[in-house]
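> Here is my input; please provide its structure:
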Amino acid sequence: IPYTAQSNGKSSAFTGSLVWGAGEHEFCAYYPYNSGYTGDREAIPFSIPSEQTQSAADNTDHIGALDYMVASRKVSPTGPVNFNFVHLFTMIEFQIKGSGTLKKIRLTGPNLLACTNSEIKFWDDLSATTNLILSNAFNYVTVTLTTPAILSDSPTSVYMMVVPRNHSEDLRIALNFNDGTWKEITKAPPTGGTFEGTKKYVVTLDTADSEWYDVFEDSRDHQLYPYVTIGSQVWMKRNLAYLPEVYLSDSGSDTDPRYYVYGFERTNVAEAKITANYYTYGVLYNRPAAMNGAASSNSNPSGVQGICPDGWHLPSNAEWVDLRTHLGIESSHKMRETGTTHWAAPNTGATNSSGFTALPGGIRETGTGPFSGIGNLTYWWTSTEESSMFVVFYIDINDVSANLRRKQVAADSRDYGCSVRCIKD
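Numbers count the residues shown, from 1 in each chain. Here you go, the predicted model:
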């Protein structure tokens, strides 16, 4: 029998009749009620979508449908049944000031932030995230303002609901403006690295801060990439992360495209995208995947789009040589991310003065694999073939040279898994 709420607020009374049997009874309750669900009543379906919509600045109306609450209580007959509900998910309030007309805000992390077609299990510890049976996971959430907000010196609030999870890397926050441009900033995760269920977090942002950088969106999968001008070239500052499929490390091919995420040994793309290695290092491609059917080129520019987004292309040997020449001596030092968060210690000499931000994403070995070299080296495909050999450029922390290095890969090693850095047309 459906119960009827008598009031609204922090507490509410309900009317209705209970038919008591013998012994202890366990009651479970949840909100919002799903009247169309006919499955197991010890579990209910839920979704925290990766695409959320807020009607206007400072409005929270959309949060109600995303704020799942559950309660459980063991009671012996007879008498009233009192519940204490817990909020399962995490609310984030972004307080944004500055300039521009804000259209969207996106949060991206190394672990899942959203999921659809999932379930809440009514287990004993309802506040624990282990009672969430998750599927169709996403590592980002975007909130779109139906009415874009004109930013000013007074903060504008945008509200987001996310799944509570631990995040091992800094998170990326991106703003999209009415003119179509994006800018992004990185922020450390909460203390302890975890967004906790039942809690609200407030993030303050100012578009005037110097830490923001420009990014562009890959229309194929909505990935955002920062870019940097080095000499006369414009390079992505991250490895390409386009992932239409994902393969096990022992599944190689010299002829068919293969896509790998370092250390990931399953074939579910959504699961691969919520791993820290995907978030940090992107995708490893074999030669057919990187070239995407194009013919070899050593032109400058290469003219080979390959696996790169529209407006970008796979750089040729000549373009990589131009980069190395522009940087001069100790080019590897000028390209590597500083510190030992990702590169193996001591990462001596690294300055990243070019802004290229090379990261040690490792490789997928030829034949049946395996993955190797993460933390120590990175290899990038070029569009160039010379004397039936394929040209790659690499940085190896254990190399005695302080320069970006060039290597030729045998024609029967098209199945190597290497990273891709795209360069602007």
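
> Low-confidence stretches in the stretch 51-200 of the chain?
Within the stretch 51-200 of the chain, the ranges that satisfy pLDDT under 70 run 122-132.

> Show me the strands in it, by range?
For the stretch 51-200 of the chain, strands defined by DSSP state E, counting those that start in this stretch occupy the ranges 51-54, 69-75, 86-87, 90-97, 101-108, 114-121, 132-133, 137-138, 140-150, 156-162, 171-177, 182-187, 200-206.

> Packing partners of the longest one?
In other words, strand 140-150. Judged by 3 or more CB pairs under 8 Å, 6 or more residues apart in numbering; DSSP states H and E, the packing partners of strand 140-150 are strand 51-54, strand 101-108, strand 156-162. Glycine gets a C-beta too; all of them are placed from N, C-alpha and C.

> And the third one, by the same measure?
Applying 3+ CB pairs under 8 Å, 6+ apart, one finds that strand 86-87 contacts strand 69-75.

> just checking, next helix/strand downstream of the longest helix seen in the chain?
Counting by DSSP state H, the longest helix found in the chain is helix 317-327. As assigned by DSSP states H and E, the chain's next helix or strand after helix 317-327 is helix 331-335.

> rewinding a little: between the strands of the stretch 51-200 of the chain, which one is nearest to residue 375?
For the strands of the stretch 51-200 of the chain, proximity to residue 375 was assessed by CB to CB; strand 182-187 is nearest, at 20.3 Å.

> quick one: that closest one to strand 171-177, angle?
160 degrees (axes from the mean of the first three to the mean of the last three CA atoms, to 10 degrees).

> Can you convert the strands of the stretch 51-200 of the chain into TSV and add a column each for distance to residue 213 and mean neighbour count?
Output for the strands of the stretch 51-200 of the chain, formatted as TSV (distance: least, CB to CB, whole Å; neighbours: other CB atoms under 10 Å):
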stretch	distance to residue 213	mean neighbour count
strand 51-54	24	18
strand 69-75	38	16
strand 86-87	34	17
strand 90-97	17	19
strand 101-108	14	20
strand 114-121	24	18
strand 132-133	34	17
strand 137-138	23	21
strand 140-150	18	17
strand 156-162	20	22
strand 171-177	10	21
strand 182-187	6	17
strand 200-206	14	14
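
> Distance to residue 365 added to these, as CSV?
Below are the strands of the stretch 51-200 of the chain laid out as CSV (distance: least, CB to CB, whole Å):
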stretch, distance to residue 365
strand 51-54, 38
strand 69-75, 47
strand 86-87, 47
strand 90-97, 40
strand 101-108, 30
strand 114-121, 33
strand 132-133, 36
strand 137-138, 29
strand 140-150, 31
strand 156-162, 37
strand 171-177, 30
strand 182-187, 32
strand 200-206, 41
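
> With residue 351 as the reference, name the closest of these.
Nearest to residue 351, of the strands of the stretch 51-200 of the chain and by CB to CB, is strand 182-187 at 19.0 Å.

> Neighbouring strands of the closest one in the sheet, and parallel or not?
Using DSSP bridges, the strands paired with strand 182-187 in its sheet are strand 171-177 (antiparallel), strand 213-217 (antiparallel).

> Report the mean confidence score over the shortest one.
So that's strand 213-217. Averaging pLDDT along strand 213-217 gives 97.

> Now do it against strand 101-108, angle only.
Using the same axes, to 10 degrees: strand 213-217 against strand 101-108 is 80 degrees.

> Go ahead and produce PDB holding the CA coordinates of strand 213-217.
What follows is strand 213-217, C-alpha atoms only, in PDB (Å, rounded to 0.1, in the frame of the first residue of the first chain):
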ATOM      1  CA  TYR A 213      44.900  26.800 -19.700                       C
ATOM      2  CA  ASP A 214      43.100  26.600 -23.000                       C
ATOM      3  CA  VAL A 215      41.700  23.200 -24.200                       C
ATOM      4  CA  PHE A 216      39.900  21.900 -27.200                       C
ATOM      5  CA  GLU A 217      37.200  19.100 -27.400                       C
END
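
> and the helix or strand just after that strand, which residues are buried?
Following strand 213-217 in sequence order, the next helix or strand is strand 224-230 (DSSP H and E). By 16 or more other CB atoms under 10 Å, the buried positions in strand 224-230 come out as 224-227, 230.

> Can you check what angle separates the longest helix of the chain from strand 224-230?
Using the same axes, to 10 degrees: helix 317-327 against strand 224-230 is 60 degrees.

> Count residues in the vicinity of residue 243, would you?
Neighbour count for residue 243, taken as other CB atoms under 10 Å: 20.

> contacting residues around it?
Contacts for residue 243 (CB atoms under 8 Å, 6 or more residues apart in numbering) come out as 221, 259, 261, 269, 272-273, 278, 283.

> That one: what secondary structure?
coil (DSSP: H, G, I helix; E, B strand; the rest coil).

> Tell me how many other residues surround the closest residue to it other than its chain neighbours.
Using CB to CB, 6 or more residues apart in numbering and skipping the chain neighbours, the partner closest in space to residue 243 is residue 283 (5.2 Å). Neighbours of residue 283 under the rule other CB under 10 Å: 26.
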